[in-house]
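J.: how would this look folded up:
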Amino acid sequence: MSTRCDGATTTSSPTPAYLPIADHGVIGDLRTAAVVGVDGRIDWFCCPRFYSPSVFGSLLDAERGGAWTIEQIDGDVTTRQFYLPDSNVLVTRFMSDDGVAEVQDLMPIARPHDPEHRTRIVRRVVCVRGEVRFRMRIAPRFDYGRADHTVEVGDDGRATFETAETRLHIASDAQWHAIDDRDLEGVFSLRTGESMTTVAAPESIADDCFTHDRRPEVVAETVTFWQNWISQSTYTGRWREMVHRSALTLKLLTHEPSGAVVSAVTAGLPESIGGERNWDYRYVWIRDTAFTLYALLRLGFTDEAAAFMQWLTCRFADGEDDLTGPLRLMYTLDGDPPPEETRLDWEGYRGSSPVVIGNAAAQQRQLDIYGELIDSVYLFNKYGPGISYQSWTQLCDVAAWLVDNWDAPDQSIWEVRTEPRHHVYSRLMCWVGLERMIRMSRQRGLPGDIAGWMTARDEIFTQIMERGWNEKLGAFVQTLDADRLDASLLLIPAVKLLAPTDDRFQSTLRAIEDELVSDSLVFRYDTTDGHDGLDGGEGTFSLCSFWYVEALTRSGRLADARLAMEKMFTHANHLGLYAEQIGLTGEQLGNLPQAFTHLSLISAAINLDRRLANG
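T.: All right, here's what the predicted structure looks like:
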């Protein structure tokens, strides 16, 4: 199978074990999600939640991970993918001389806060023209391939996979036969206008959700849900399609029952092929969610912000930790600590090992999360219904802790695997947190230790200016009294520490352009000497690339900003999705889809639109 740059594949040779990371779409039901390759394979699916053990995991081990594949048997076949308009219902088209067929992949959405919601993957194959013949194979590997299972096949298109603890029920028009007592395979033919549907669910599949009359309705209802949601967007700018796809992606990463947002659907995808930087991002980072809420608020989605505020209120009740402070930096959807970091006995994507499950960064101190959180609360208070008294008193406790702890070393935004250091970005966000508390207190007359906050805020500002600035480089640097650049400091004017035209920021921008920018793609920092505690390199960081667009915008370099933005759009995959990073040859790297990338795209587009409109 040869892969084309537009996401299409042409079957003329054996199917590759691993598709490019970019050759995938995602479907979900606001509880979990499945990753679908451009050839129709589902090669990643965890159930019942985003961070549950995998059912299909061949994305990380082609032999032992398990997959749900569908392939057209006859002739040379070209496949293409698209989402039904303004939705997360994915369509994979199979085209050959014999005929054209579509696989409609979706996960039905429950009514809001429906306790009876059942996760289901629905795969509906429709013949559009001619006659097509398909082979479908369902080969789950439960618990990351560690749990043995059996399969029981009925004579009515139903079957059940079963482990000691888990079941996966199948209902289908196809007739199955078992392979090696653990997989299902079926072959079926369709003529123009005919369809075949297969449903997989961890619970038994009721007849009323699988009748012929209901199948088109399930597709239509799911499309309607997504279209109704995105119709609330207030964005009407130049890049509506890209912005709305990013918004739909952020919503897809949201856990509707709790209001929490995971940072990515996948785990273990490498930041460099063959490298060790392979992390598990299926958890709730305070930082990532705070940035996500900022992006959604800018588009008019206040309900998501309110839901997260409610979730966050419960997290404060966990109590203060001596290391991390009033909040952990990451949680499970239920507000628990993520599991300890472990390594699977898998080969990893294209041999990129280790495959890491869980995230040891959960034990780190990252002071920047408090500024990012308070800044988002400030915006929620400004554009939403306003924060509650309980939330304000909790934030006052956070601010008091910041006053006492802002000068401590930490691992900061990039979660380096070294001893804590005095990161300038963390100082910057501590300044933001206290400055926004002062604003909220004054704007609404809320009680607080404004004098104490102001004193600490000014001390932070002075330290950044005196010790975060490297006179020789003419730039703000990654850590105090050091000489390493860091792209996170592109945010200095965005958070209003300095004006974008300030000489020090402009000099920093030029230094970052000289050392960390390659044709609009931006590295986080120089990884060549392993100072972050890890071996090997990584791709450019798309969050930073969109921050670069914003920095250019705020600096008045609108032509440069627009060119950088358009170049970044060329690095989206065929569906408008982004992973975490982009290699210098344009390949997507890291986990997919990445909240960081999509939220920063939204912010960059809104700000650049506004400046272009104003001239």
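
J.: for the rest of this, base every contact and every neighbour count on C-alpha atoms.
T.: Noted.

J.: any idea which element residue 147 lies in?
T.: For residue 147, there is no enclosing helix or strand under DSSP states H and E.

J.: so for the lengthiest strand in the chain, what gets flagged as buried?
T.: Across the chain, the longest stretch assigned as strand under DSSP state E is strand 121-139. By 16 or more other CA atoms under 10 Å, the buried positions in strand 121-139 come out as 121-129, 131-134, 136-139.

J.: adjacent strands (with direction) for that strand?
T.: Here strand 121-139 has these sheet partners by DSSP bridges: strand 67-72 (antiparallel), strand 99-106 (antiparallel), strand 183-191 (antiparallel), strand 195-201 (antiparallel).

J.: and the average pLDDT for that strand is what?
T.: Strand 121-139 carries an average pLDDT of 97.

J.: also stretch 577-584?
T.: Averaged across stretch 577-584, the pLDDT comes to 96.

J.: and it, how far out from the chain middle?
T.: Distance of stretch 577-584 from its chain centroid, counting by CA atoms, centre = their mean, to the nearest Å, is 12 Å.

J.: how near is residue 396 to residue 156?
T.: Between residue 396 and residue 156 the computed distance is 62 Å (CA to CA, to the nearest Å).

J.: neighbour count winner among those two?
T.: A direct count of neighbours by other CA atoms under 10 Å for residue 396 and residue 156 places residue 396 higher, at 19 against 12.

J.: tally up the residues packed near the nearest residue to that one once chain neighbours are set aside, please.
T.: Leaving aside its chain neighbours, residue 396 sits nearest to residue 448 (6.7 Å; criterion: CA to CA, 6 or more residues apart in numbering). For residue 448, the neighbour count with other CA under 10 Å is 20.

J.: ok, residue 546 - contacts?
T.: Contacts for residue 546 (CA atoms under 8 Å, 6 or more residues apart in numbering) come out as 565, 568, 597, 600, 601, 604.

J.: most neighbours out of the residues you listed, which is it?
T.: Result: residue 601 is most packed of those (other CA under 10 Å), 28 neighbours.

J.: for that residue, helix, strand, or coil?
T.: Following DSSP: H, G, I helix; E, B strand; the rest coil, the label given to residue 601 is helix.

J.: for residue 91, same thing?
T.: Assigned with three-state DSSP, residue 91 falls in the strand class.

J.: residues touching residue 369, list them.
T.: Per CA under 8 Å, 6+ apart, neighbours of residue 369: 286, 287, 329, 413, 429.

J.: same check on residue 476?
T.: By CA under 8 Å, 6+ apart, the neighbours of residue 476 are 424, 468, 469, 470, 485, 489, 504, 505, 508.

J.: contact partners for the residue lying closest to the second one once chain neighbours are set aside?
T.: It refers to residue 468. Take residue 468 and drop its neighbours on the chain: the residue closest to it by CA to CA, 6+ apart is residue 480, 4.8 Å away. By CA under 8 Å, 6+ apart, the residues touching residue 480 are 422, 423, 424, 464, 467, 468, 469.

J.: pull the contacting residues for the closest residue to residue 196 other than its chain neighbours.
T.: Nearest residue to residue 196 in three dimensions, chain neighbours excluded: residue 125, at 5.1 Å (CA to CA, 6+ apart). Contact partners of residue 125, counting by CA under 8 Å, 6+ apart, are 101, 102, 103, 104, 195, 196, 197.

J.: can I get these in JSON lines with neighbour count, distance to residue 116 and pLDDT?
T.: Compiled in JSON lines, these are given as follows (neighbours: other CA atoms under 10 Å; distance: CA to CA, whole Å; pLDDT from 0 to 100):
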{"residue": "101", "neighbour count": "29", "distance to residue 116": "33", "pLDDT": "97"}
{"residue": "102", "neighbour count": "22", "distance to residue 116": "30", "pLDDT": "97"}
{"residue": "103", "neighbour count": "22", "distance to residue 116": "27", "pLDDT": "98"}
{"residue": "104", "neighbour count": "22", "distance to residue 116": "24", "pLDDT": "97"}
{"residue": "195", "neighbour count": "19", "distance to residue 116": "29", "pLDDT": "95"}
{"residue": "196", "neighbour count": "18", "distance to residue 116": "27", "pLDDT": "95"}
{"residue": "197", "neighbour count": "20", "distance to residue 116": "23", "pLDDT": "94"}
